[in-house]
Each structure stands twice: as C-alpha cells, then as structure tokens.
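A.B. asks: curious how this folds, go ahead:
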Amino acid sequence: MLLMRTLIDIQDELMKELLKETKSKTKKEAIITAIKTYLSLKKRERLASLIGNIVKNSIIEGEILIPGIIKTEILRGTKSRKEYRQ
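C.D. replies: Coordinates of the predicted model:
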C-alpha cells in the first residue's frame, strides 16, 4: 500500500469535533475514518440511486421487482399498476 504524505489546513474546531465523533486517538486516524466513512456513504448513495432507477423503470414496464408493499397493494387491489407509473 502506497502512502501519500499530505499537508492540509483544517479549522481547529472542526478537527476537535472530528476527533470527538470518531473517538480517534490521533488526527491521522480521525481523518482516515472520516474519508472511509464519506466514501462508503457515496457508494451507498450511488447504489440506492441505481436501485431506485431499476425499481422505477420496472414498475413503468409493468414488472414488479419488489416483493412487499407495492406487490401486496397491487395483488390486494388497493392500488393499480397505473397508480405507480409516473
């Protein structure tokens, strides 16, 4: 694993809060935790967006990919497929 030495200016209050929230003992550990958390969040957002597009397109096409509420509502007749199309 390659290491990149970086010099950055960070506001004192921001660093104190980061150290407190991450419960890290060092600034380096806190920043690494923050970066990993941020990257993980962005990956989840991208995945959720992709899943949302698949579900939306699937409903529009008339296929139901999600078991549960939508499928149940359609089978019970409480909602029609047309109501899910946008």
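A.B. asks: look up how far residue 21 lies from residue 14.
C.D. replies: 11 Å (Cβ to Cβ, to the nearest Å). Glycine gets a C-beta too; all of them are placed from N, C-alpha and C.
A.B. asks: the two - which one has more neighbours?
C.D. replies: residue 21 (12 against 9; other Cβ atoms under 10 Å).
A.B. asks: the more buried one is in what secondary structure piece?
C.D. replies: If you go by DSSP states H and E, residue 21 is part of helix 12-22.
A.B. asks: need the contact partners of that helix.
C.D. replies: 24, 27, 29-31, 33-34 (Cβ atoms under 8 Å, 6 or more residues apart in numbering).
A.B. asks: format these as TSV; extra columns: pLDDT.
C.D. replies: Shown next, in TSV, are these (pLDDT from 0 to 100):
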residue	pLDDT
24	94
27	95
29	95
30	95
31	94
33	94
34	94
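A.B. asks: mark which of the residues you listed are buried, thanks.
C.D. replies: The neighbour count (16 or more other Cβ atoms under 10 Å) marks 24, 30-31, 33 as buried among the contacts of helix 12-22.
A.B. asks: quick one: which of those residues sit in helices?
C.D. replies: 30-31, 33 (DSSP state H).
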